[in-house]
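A.B. asks: I would like the atomic coordinates for the input below:
(one chain, ligands or ions: 2)
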Amino acid sequence: MRRATVYRYSLPMEAGVVLRNQRLKTRDGLLVSLWQDDKTGWGEIAPLPGVSQEALPQAQDAVQHGLSQWVQGASLTAVASAFSSLPSVAFGLSCADAELRGELPEVMSLRCAPLCHGDPNELYARLGELPGDLFGQKVAKVKVGLYESVGDGLNVSMLLEALPELRLRLDANRSWTPVKAEGFARHVAPELRSRIAFIEEPCLTREQSRDFSRTTGIKIAWDESVREPGFTVQAEPGLAAIIIKPTLTGSLLRCRQLIAQAHAAGLEAVISSSIESSLGLTQLARIAQWLTPDAVPGLDTLDLMQAQLIRQWPGSTLPLTDVSQLEKVWQSK
Ligand SMILES: O=C(O)CCC(=O)c1ccccc1C(=O)O
Ligand SMILES: [Mg+2]
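C.D. replies: Ligands and ions are numbered 1, 2, ... in the order given. Sure thing, here's the model as predicted:
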């Protein structure tokens, strides 16, 4: 006997969360809970406005359709894989399926690269609490490209000089022209550059980002590129990592393929958040521990929200919303 329920959630965001030029006041998504015999599995489907191709109503139709098939005996692994054009649906359903089948291990990655918005005081405080790796090194992530690139360069240099155990991941989200990228690099001394683990997509085009890496020696990572049609995982000079945001990428199977391809090419694969609720984030932390145990995941987005959902993120004091507070939007017969 199989049963499935779909819930809808809407969580208030912290004031001032801006995504791709639009303010995100609430984070809206779906949770599915599957039930079979004495086992359950949960999944989160939360297309990200301004980033995902699919919208929530479309995702909800697909989820209900997929779950009706599952209830009638179809394999959810197959159902999820069929939704490759709706990555959030493919990912959420495949997570619920993996939990139900006991495939997704419980143990979470406890390391997480803190996301710092360039404020040095905030960064010093958070890094003080952060556990280092075996070599005492700490990794944090700083968004760049929001203000002047020269200022970004000075800020990054100051942080690296002040904190010798620090390695930084930077993320420019394709915002720099070659001239701006050069302005950034000019203010980061060559001996500091190797402590930039990578910068995600510095420039608008991949070719410009490759040029930037070639001329500055600063490593790069692909994020947006990984989700573009025709992208293939390939080692290339200057490339350190690929960023995998499962909600934007697709089924667990698809994510596993990308991770395997990255590892085979000698690249780091970094599991990252698409601003999921604490339920989705704890699953991502489990996926990271399971499939990329050597890479610190990029999951520091819970504090953009004002509440947690169903499951607690370790150490978070945000209030927890439970199932009884959610709107049930569909249930199998
Ligand atoms: O990768 C991380 O560490 C956090 C996630 C993150 O940066 C992000 C989350 C959602 C949408 C876009 C982005 C981004 O890469 O800018
Ligand atoms: Mg990015």
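A.B. asks: list the residues that contact E99.
C.D. replies: E99 makes contacts with 34, 40-43, 283, as judged by C-beta atoms under 8 Å, 6 or more residues apart in numbering. All C-beta atoms are positioned from the backbone trio N, CA, C, and that covers glycine.
A.B. asks: go again with 6 Å.
C.D. replies: By C-beta atoms under 6 Å, 6 or more residues apart in numbering, E99 lies in contact with G41.
A.B. asks: do you know how far it is from P47?
C.D. replies: 21 Å (C-beta to C-beta, to the nearest Å).
A.B. asks: repeat that for P202.
C.D. replies: 27 Å.
A.B. asks: also A78?
C.D. replies: 22 Å.
A.B. asks: and those two? Which one has more around it.
C.D. replies: P47 (26 against 14; other C-beta atoms under 10 Å).
A.B. asks: wasn't the more buried one part of a helix?
C.D. replies: No. Counting by DSSP: H, G, I helix; E, B strand; the rest coil, one finds P47 to be coil, located in no helix.
A.B. asks: SS state for the spatially closest residue to it that is not a sequence neighbour?
C.D. replies: Using C-beta to C-beta, 6 or more residues apart in numbering and skipping the chain neighbours, the partner closest in space to P47 is S88 (4.4 Å). Here S88 is helix, with the state taken from three-state DSSP.
A.B. asks: give me the pLDDT value at S88.
C.D. replies: Listed pLDDT for S88 reads 98.
A.B. asks: now do the helices in the stretch 201-333 of the chain.
C.D. replies: Per DSSP state H, counting those that start in this stretch, the stretch 201-333 of the chain carries helices over the ranges 206-216, 246-249, 252-264, 278-291.
A.B. asks: okay, those in a markdown table with distance to L160 and mean pLDDT next?
C.D. replies: A markdown table is the format used below for the helices of the stretch 201-333 of the chain (distance: least, C-beta to C-beta, whole Å; pLDDT from 0 to 100):
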| stretch | distance to L160 | mean pLDDT |
| --- | --- | --- |
| helix 206-216 | 15 | 98 |
| helix 246-249 | 30 | 98 |
| helix 252-264 | 26 | 98 |
| helix 278-291 | 25 | 98 |
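A.B. asks: out of those helices, nearest to ligand 1?
C.D. replies: Comparison of those against ligand 1 by C-beta to the nearest ligand atom identifies helix 246-249 as nearest, at 7.7 Å.
A.B. asks: how about the closest one, does it reach ligand 2?
C.D. replies: No. Figure legend: helix 246-249 not in contact with ligand 2 (C-beta under 5 Å from the ion); closest approach 10.5 Å.
A.B. asks: which residues are in contact with that helix?
C.D. replies: 87-88, 91, 227, 255, 274.
A.B. asks: ligand 1 next: which of those are close?
C.D. replies: Among these, proximity to ligand 1 is found for S274 (C-beta under 6 Å from any ligand atom).
A.B. asks: out of the contacts of helix 246-249, which comes closest to R214?
C.D. replies: Proximity of the contacts of helix 246-249 to R214 (C-beta to C-beta) peaks at R227, which lies at 24.1 Å.
A.B. asks: what about the closest residue to the closest one other than its chain neighbours, how many neighbours?
C.D. replies: Leaving out its chain neighbours, the residue that sits closest to R227 by C-beta to C-beta, 6+ apart is L248, at 5.8 Å. Using other C-beta under 10 Å, L248 has 21 neighbouring residues.
A.B. asks: over to the one 5 residues further on?
C.D. replies: For L253, the number of neighbouring residues by other C-beta under 10 Å comes to 16.
A.B. asks: likewise for S85?
C.D. replies: S85 is flanked by 11 other residues according to other C-beta under 10 Å.
A.B. asks: which parts of this protein sit against ligand 2?
C.D. replies: Checking the chain against ligand 2 by C-beta under 5 Å from the ion, the hits are 171, 173, 200, 223.
A.B. asks: quick check: the gap between the nearest residue to G145 once chain neighbours are set aside and Y9.
C.D. replies: Of all residues not flanking G145 in the chain, S175 sits nearest, at 3.4 Å (C-beta to C-beta, 6+ apart). Using C-beta to C-beta, we find S175 at a distance of 31 Å from Y9.
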